[in-house]
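In: Build me a structure from this.
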Amino acid sequence: MTIIEELAKGYMTAPAYEAPLSLLREFRQFVIDLAKVELQGVNFEYVDYQPYFRGPDLCLNDIKADFEQGNVKISAQYNESDLLGKDVNLIYRCIHERHHVKLDVDFGWEGECAIAAHIMSFTDNLFFKQLLFSEGLGQVAVRLHTGEFPDDQKVVLFDEEVIHCMEKTMKNVRNIRCQNH
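Out: Below you'll find the predicted structure:
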């Protein structure tokens, strides 16, 4: 069984975690604070379609071009998130797209792992890392395994060992990339 299959099955079979309201507020504030740093100088337009799909795939070059011009479109489709709420989920999507451009990574498994590890590096809070892992990799694993994002975009708290293993692996991948450039 591949890591993608293991994470997808873990995500699909795990019960949804019901975060306390106080924790949701703290996590949403973390995302908002991160946006203040990461999204400076870029205007975002929320649209009711997928603006960067070229055939079945997202086009990183189109997203890069729009970031360079300072105007980026973000899809508002499927914007149901109990974790972040509608407004903060859109902000999170902006941060996520920004990091695809910043790290110059595609939308495959390795690229999504790099994004998740990078965003998780902005906090030492294990619980926040678990939330980011669930949002960033749990759902992506389901998409890659089944071909579709999960209908129930829930929060799954993956074990601390899984989080640290992924962070360590992605740090090694980044180091190898840097040495090769």
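
In: Excluding sequence neighbours, find me the nearest residue to the residue most central in space within the chain.
Out: The centroid of the chain falls nearest to Gly136 when counting by Cα atoms, centre = their mean (3.4 Å). Distance criterion Cβ to Cβ, 6 or more residues apart in numbering; nearest residue to Gly136, sequence neighbours excluded, is Ala116 at 3.7 Å. (C-beta placed from N, C-alpha, C; glycine too.)

In: so the residue nearest to the centre of the chain touches His118, yeah?
Out: No - counting by Cβ atoms under 8 Å, Gly136 sits too far from His118 to count as a contact (9.8 Å).

In: Then the residue nearest to Gly136 would be within a strand, right?
Out: No - looking at Ala116 with DSSP: H, G, I helix; E, B strand; the rest coil, it is helix, so not inside a strand.

In: Provide a list of residues in contact with it.
Out: Leu132, Phe133, Gly136, Leu137, Met166, Met170 (Cβ atoms under 8 Å, 6 or more residues apart in numbering).

In: Please apply the same query to His118.
Out: Taking Cβ under 8 Å, 6+ apart as the test, what His118 contacts is His99, Lys102, Leu103, Met170.

In: Widest-spaced pair of those residues?
Out: The largest separation in those, counting by Cβ to Cβ, is between Lys102 and Met170 at 14.5 Å.

In: Please report how far Ile32 lies from Asn89.
Out: 12 Å (Cβ to Cβ, to the nearest Å).

In: Look at these two and report which has more neighbours.
Out: Asn89 (21 against 15; other Cβ atoms under 10 Å).

In: Give me the nearest residue to that one, chain neighbours excluded.
Out: Per Cβ to Cβ, 6+ apart, closest to Asn89 is Ser81, 4.0 Å.

In: circling back to that earlier point, just checking, which of the contacts of His118 belong to helices?
Out: Applying DSSP state H to those, the entries found in helices are His99, Lys102, Leu103, Met170.

In: Now list the buried members of those residues.
Out: For the ones in helices among the contacts of His118, a burial check counting by 16 or more other Cβ atoms under 10 Å picks out His99, Met170.

In: Tell me the one of the ones in helices among the contacts of His118 nearest Ile3?
Out: For the ones in helices among the contacts of His118, the minimum distance to Ile3 (Cβ to Cβ) is 12.2 Å, reached by Met170.

In: mind listing what Phe27 touches?
Out: Ala19, Leu83, Leu84, Phe128, Leu131.

In: tell me which element it falls in.
Out: According to DSSP states H and E, Phe27 maps onto helix 21-38.

In: circling back to that earlier point, neighbours of the residue nearest to Asn89, how many?
Out: 18.

In: In three-state terms, label it for me.
Out: Per three-state DSSP, Ser81 ends up coil.

In: returning to that earlier point: dump the contacts of His118 into JSON lines; add distance to Gln153 as well.
Out: Compiled in JSON lines, the contacts of His118 are given as follows (distance: Cβ to Cβ, whole Å):
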{"residue": "His99", "distance to Gln153": "19"}
{"residue": "Lys102", "distance to Gln153": "24"}
{"residue": "Leu103", "distance to Gln153": "23"}
{"residue": "Met170", "distance to Gln153": "23"}
